[in-house]
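*Asks:* Here is my input, please return the structure:
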Amino acid sequence: MNLEEYKLFFEKELDNFIEQMGEKGPLRDACGYALKSQGKRLRPLVVLMTADAIGSCNTMPAAMSVECFHAASLIADDLPSMDNDAFRRGRPSLHKAFGEGAAILASYTLIAAGYGGIYQNAKIMQQHPVFHATANQRAIACLESATRCAGMRGATQGQFLDLFPPDSSLETILDIMYKKTVTLFEISFLFGWFFGGGDLEKASSLQLCAYHLGMAFQIADDLEDLNQDAPKELAINIAAALGKEKAISLFEKEIALFEQTLKELRLWTESFQELCERLRRRQSLFAGEGFFNSSSL
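*Replies:* You can find the predicted model right below:
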């Protein structure tokens, strides 16, 4: 499948997932609103694409898990006490649409649902004719990844540093980029690989792969912000810190290393090749080198 086919497949399953979250009501509606935000779905797609590249195991619960973690982080980012954003992807932010209390509770609900996805995929693996013996080990590895990447060593600490940076040094910016952006890609690759039946000894290589993707993705984002945002909003921005030309050079280095690690892991599939091409075209747009509809990635 190409990226658009993966996305359509995921969107169809997402509707079923929301219906099964629990009794319909304001809280479930708030969760559904956050999940149906017309995002790029790149993180859950990485789960599915990784698993498909190495086998044919069902990893949809793990993909839903990653999207729940991502949606919860966006709800928190938008809150008045955080980034205080009134809009998210052209719609009112969740706290504007449902109220701040409902938004906070929806983020808690989605985090719980994310961990539930690990449990659901472990149950699927326990029934697999080949991987049932290692199902629990795979689930523990995914649980460790989610816990580490979502907490003090990952996204939560990254958001804190983004709000209260000790300085605007390059070291601090790279640390925030790793914690806020790379860690969710790390979860995506590890979930897809472990629940897809991949070698349990390859975790460090997958983390490296996620690092290069996350860095390239964030540099492209920061180049966009450099073109669109007011200077006062660019304190934590790699393109502002390095300058446009050096940021473009770093992007090219990271995307090349991402392609290299994909090949080493035998993940160089048509869909991952398409992802790399879209990232390059997106970077070219914001570097002033061409035109591309960035909403597709």
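*Asks:* Which secondary structure elements does whichever strand or helix holds residue 10 sit against?
*Replies:* If you go by DSSP states H and E, residue 10 is part of helix 3-19. Packing contacts for helix 3-19, counted by 3 or more C-beta pairs under 8 Å, 6 or more residues apart in numbering; DSSP states H and E, involve helix 26-35, helix 42-54, helix 60-78, helix 270-286. C-beta: built from backbone N, CA, C; applies to glycine.
*Asks:* distance between the first one and the chain's centre?
*Replies:* Relative to the centre of its chain, helix 26-35 is centred 19 Å away, using C-alpha atoms, centre = their mean, to the nearest Å.
*Asks:* try stretch 39-50
*Replies:* 8 Å.
*Asks:* Which residues outside it are in contact with it?
*Replies:* By C-beta atoms under 8 Å, 6 or more residues apart in numbering, the residues outside stretch 39-50 that reach it are 3, 6-7, 9-11, 59-60, 62-64, 66-67, 70-71, 89, 184-185, 187-189, 191-193, 195-196, 198, 213, 217, 267, 269, 271-272, 275, 295-297.
*Asks:* May I have it as CSV, with CA atoms only?
*Replies:* C-alpha atoms of stretch 39-50 as CSV (Å, rounded to 0.1, in the frame of the first residue of the first chain):
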residue,chain,number,x,y,z
GLY,A,39,-3.9,14.8,11.3
LYS,A,40,-1.2,13.3,9.1
ARG,A,41,-1.4,10.0,10.9
LEU,A,42,2.3,9.5,10.3
ARG,A,43,3.1,7.9,13.6
PRO,A,44,0.5,5.1,13.5
LEU,A,45,1.3,4.6,9.8
VAL,A,46,4.9,4.0,10.8
VAL,A,47,3.7,1.2,13.1
LEU,A,48,1.7,-0.5,10.3
MET,A,49,4.4,0.1,7.6
THR,A,50,7.1,-1.4,9.8
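*Asks:* what about residue 139, how many neighbours?
*Replies:* 21 (other C-beta atoms under 10 Å).
*Asks:* Now do the same contact list for the closest residue to it other than its chain neighbours.
*Replies:* Sequence neighbours aside, residue 122 is the residue nearest to residue 139 in space, at 3.6 Å (criterion: C-beta to C-beta, 6 or more residues apart in numbering). Residues in contact with residue 122 (C-beta under 8 Å, 6+ apart) are 135-136, 138-139, 142.
*Asks:* hmm, which of those are the buried ones?
*Replies:* Buried by 16 or more other C-beta atoms under 10 Å: 135, 138-139, 142, out of the contacts of residue 122.
*Asks:* pLDDT score for the residue nearest to residue 139?
*Replies:* For residue 122, the pLDDT comes out at 96.
*Asks:* does it sit in a helix or strand, and which one?
*Replies:* helix 100-126.
*Asks:* Let me know the angle separating the very next helix or strand once past that helix from helix 60-78.
*Replies:* Using DSSP H and E, the helix or strand that follows helix 100-126 in sequence is helix 135-150. Here helix 135-150 points in a direction 10 degrees away from that of helix 60-78 (axes from the mean of the first three to the mean of the last three C-alpha atoms, to 10 degrees).
*Asks:* Report all helices and strands that helix 135-150 contacts.
*Replies:* Secondary-structure packing of helix 135-150 (3+ C-beta pairs under 8 Å, 6+ apart): helix 60-78, helix 100-126, helix 183-195.
*Asks:* Let me know which of the ones you listed is the nearest to residue 51.
*Replies:* Checking the helices and strands packed on helix 135-150 against residue 51 by C-beta to C-beta gives helix 183-195 as the closest, at 4.5 Å.
*Asks:* Let's see the closest one as PDB, backbone CA atoms only.
*Replies:* The C-alpha coordinates for helix 183-195 follow below in PDB (Å, rounded to 0.1, in the frame of the first residue of the first chain):
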ATOM      1  CA  THR A 183      10.300   9.800  21.200                       C
ATOM      2  CA  LEU A 184       6.900   9.300  19.700                       C
ATOM      3  CA  PHE A 185       8.500   8.000  16.400                       C
ATOM      4  CA  GLU A 186      10.600   5.700  18.600                       C
ATOM      5  CA  ILE A 187       7.500   4.200  20.100                       C
ATOM      6  CA  SER A 188       6.000   3.800  16.600                       C
ATOM      7  CA  PHE A 189       9.000   1.900  15.200                       C
ATOM      8  CA  LEU A 190       9.400  -0.300  18.200                       C
ATOM      9  CA  PHE A 191       5.700  -1.100  18.400                       C
ATOM     10  CA  GLY A 192       5.600  -2.000  14.700                       C
ATOM     11  CA  TRP A 193       8.700  -4.000  14.900                       C
ATOM     12  CA  PHE A 194       8.100  -6.000  18.100                       C
ATOM     13  CA  PHE A 195       4.400  -6.600  17.500                       C
END
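*Asks:* No further questions, thank you.
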